[in-house]
Each structure stands twice: as structure tokens, then as C-alpha cells.
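Novice: one predicted model, sequence on top.
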Amino acid sequence: MNATVAKSSLLGIRPLTPKLGAAIADVKLADGMSDELFRAIYAAFLRYQVLLFPPQDVPPASQVGFARRFGEVQIHVMNQYHADGFPELYRLSNLDANGNPTGLHPDKGTLAWHTDGSWQRVTGQATIIYGEVMPEVGGETHFCDMYGAYERLSPAWKARIADMRAVHNLDFSRTRRHGEDPMTEEQKKAKPPVDHPIVRTHPETGRKCVYLGDHAEYIVGMPYDEGRALIEELNALIVHPDLTYEHRWTAGELLLWDNRCVMHRATAYDPATQKRVIRRCTVLGEVPA
Ligand SMILES: [Fe+2]
């Protein structure tokens, strides 16, 4: 048996689509894990881009402990979402203190295709979401492969964006586009807009991918409106149904993905009648290049 097969059988891997995503059968995250098991998970993370763990109890400390195996875990600037005494965890919930739906969606920005942490200089590597309570209808999470998106661009598009940089701005995507509570002056000062290449090379696989999404506001060196139009056009162009995995949640599942080479979004649900609570954290990666 070669090493790859051995690693796969260790995890009980089942691909979710022909292009990206895999379900892991045999890992209990609350038990901690050996270095060998983590290496197998990390190899699968690089290979499949999105990993799904089956329903299980993952206490907050286990989630943070798992995230720390990947690297430094982000302390999110939007500190009103911090959860369970762990500033690394961020809870999105539409429930009130009595567990009843409030009718309010906790973060409408998640409904647009994006990549986590693209609004900071050191961007997101893995995001890890645990589904505490899941709606019966809607509230799915969708993923799209950005390696494939780059490969499918025409030569003209590839040439056009080869050296282009986009400015990503959380205040733009969150406040102006989606009408969320405004960021405080302190939060804005902590996370000013930053520019990143639109075509980045994954630092571990060496493959090129498109790095854009909803936090991208304008293009460096281009008139604002022209840049906005280009971003909108490209954001639509890079999502392909056959490069997408659409996850319909069961409570207790955990999803892990690589923000460097996938975009994701949540789908809508009725926050007045359905309940949805997720607990997430994002591991910091590197400065995109
Ligand atoms: Fe996200």
C-alpha cells in the first residue's frame, strides 16, 4: 500500500464532487489527534480544499485546539460575536436569549461569495465551522473551486488580470453593501483596506487561483466605477456550477476549508421561523502573492 492510500484509509475519505470536497468518516475531533492523523487531514485539506466531518460533539475547546494545529487562529475584529470564552470563536446565531428566532439574519454579508479574511494583510487559511443548530430549509454553505475558475478564464482575461490588484475592505462589504451595523472607528482603524493580487499562487500547492470575492471593493490604478464593474463581472464569471459543492447541513457536522483556493457563501433562510447557529474560527495564513 502506498503512502497516499494509507493516509486515505486512515480517514475514510469519500469525495463529495469530482472536483472538490471530501467527507471524512473516521475522525472524532474531541479526542485530540496524533501527528500522523493530523498530517493525513492536512494532506486531504490541500488535496480536496473542503473537508466534511460527520455529526459529533465538538466542544469549543476541541474546535480551537484543532484550529491551532493549522496555525495561528484569528481573533476577529468584530468582537461582539466572540463565543464561549474563546476570542478565537465567532458565533453567528439568529436566536435570542430564550432560544427563539429573532427574525434577524446575523450576518447578511455571508450570503455573497467571498473568502474569509481577504480584508486583512495576512489573510485566512483554514476556516472551521461547527454547526450547532441548523435550519430545516436553507442556510446551506456553498463552495467554489478557484483553481478551476482560473484555469477556465480565457487567455484574454488571464492577461488582463495577471498583474492587477484589488483593494479588499471589510467596512465596504459589511456596511455599505449589506447594511449591517457599522464598524466602530476603532474596528475600522484596526482593519484598514488592503490590496491583494487577483491571481495568487497557493503557497503550498504552487497552483494559481483567482482571489477576489465580495470584500473586493476597487482595483488599484483604475477609476473606481470601472474597477467596481470589473470586480462584479469577474466575481460572476468565476463561479461554475460544476466546480461547486453545495452543502446542506446536519447539526453536529464540522466543515473545514482552504480560503486560499475556494470561495464560499451561505444561502438564505427565514430567520423568523428557522433556527441557525454556527460556531466558526479562521486560521491565519500568509500575505497573498
Ligand atoms: Fe465566510
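Specialist: Structure's in. What do you need? Numbers count the residues shown, from 1 in each chain.

Novice: from the chain's centre, how far out does the longest strand that the chain contains sit?
Specialist: Longest among the strand segments of the chain by residue count, using DSSP state E, is strand 124-133. Strand 124-133 has its C-alpha centroid displaced from the chain centroid by 8 Å (C-alpha atoms, centre = their mean, to the nearest Å).

Novice: now whichever helix or strand comes after it against strand 124-133, angle please.
Specialist: Moving toward the C-terminus from strand 124-133, the first helix or strand encountered (DSSP states H and E) is strand 141-145. If you take axes from the mean of the first three to the mean of the last three C-alpha atoms, to 10 degrees, strand 141-145 sits at 160 degrees to strand 124-133.

Novice: could I get the average pLDDT for the following helix or strand past strand 141-145?
Specialist: Counting by DSSP H and E, the element after strand 141-145 in chain order, helix or strand, is helix 146-152. Helix 146-152 carries an average pLDDT of 98.

Novice: what packs against the helix or strand sitting right after helix 146-152 along the chain?
Specialist: For helix 146-152, the succeeding helix or strand toward the C-terminus, using DSSP H and E, is helix 155-161. Helices and strands touching helix 155-161, by 3 or more C-beta pairs under 8 Å, 6 or more residues apart in numbering; DSSP states H and E, are helix 224-237. Just so you know, the C-beta spots here come from the backbone N, C-alpha and C atoms, and that holds for glycine as well.

Novice: which outside residues touch the helix it packs on?
Specialist: 113, 149, 153, 157, 161, 166, 198, 210, 212-214, 216-219, 222 (C-beta atoms under 8 Å, 6 or more residues apart in numbering).

Novice: same check on stretch 103-117?
Specialist: For stretch 103-117, the surrounding residues in contact (C-beta under 8 Å, 6+ apart) are 74, 81, 92-94, 123-124, 127, 144, 146, 173-174, 177-180, 211-215, 235, 239, 259-260, 262-268, 271-272, 282, 284-285.

Novice: residues of it that come out buried?
Specialist: Going by neighbour count (16 or more other C-beta atoms under 10 Å), the buried part of stretch 103-117 is His105, Pro106, Asp107, Lys108, Gly109, Thr110, Ala112, Trp113, His114, Thr115, Asp116, Gly117.

Novice: can you check stretch 138-151 too?
Specialist: For stretch 138-151, the neighbour count (16+ other C-beta under 10 Å) marks Gly139, Glu140, Thr141, His142, Phe143, Cys144, Asp145, Met146, Tyr147, Gly148, Ala149, Tyr150 as buried.

Novice: hang on, isn't the fifth one packed against His264?
Specialist: In this case it means Phe143. Yes - counting by C-beta atoms under 8 Å, Phe143 does reach His264; the two are 4.9 Å apart.

Novice: specify the beta-bridge partners of the closest residue to Pro106 other than its chain neighbours.
Specialist: Leaving aside its sequence neighbours, Pro106 sits nearest to Leu92 (C-beta to C-beta, 6 or more residues apart in numbering; 4.4 Å). Listed beta-bridge partners, Leu92: Ile278 (assigned using DSSP bridges).

Novice: next, count neighbours for Leu92.
Specialist: Residues lying near Leu92 (other C-beta atoms under 10 Å) number 18.

Novice: still on that earlier bit, find residues that contact each of Phe143 and His264.
Specialist: Both Phe143 and His264 are in contact with Trp257, where contact means C-beta under 8 Å, 6+ apart.

Novice: for the nearest residue to Leu10 once chain neighbours are set aside, what are phi and psi?
Specialist: Counting by C-beta to C-beta, 6+ apart, Leu10 lies nearest to Ala40, which is 4.9 Å off, once chain neighbours are set aside. According to degrees, to the nearest 10, the main-chain angles of Ala40 amount to phi -70, psi -40.

Novice: Ala40 contacts Gly12, correct?
Specialist: No - using C-beta under 8 Å, Ala40 is not in contact with Gly12, being 10.6 Å away.

Novice: the more surrounded of the two?
Specialist: Using other C-beta under 10 Å as the criterion, Ala40 and Gly12 rank with Ala40 on top: 23 against 13.

Novice: tell me the confidence at the more buried one?
Specialist: 95.

Novice: for Ile75, see how far away it is.
Specialist: Using C-beta to C-beta, to the nearest Å, we find Ala40 at a distance of 29 Å from Ile75.

Novice: hang on, the earlier thing: which of the contacts of helix 224-237 fall within helices?
Specialist: If you go by DSSP state H, these have Ala149, Trp157, Ile161 in helices.

Novice: many thanks, I have nothing further to ask.
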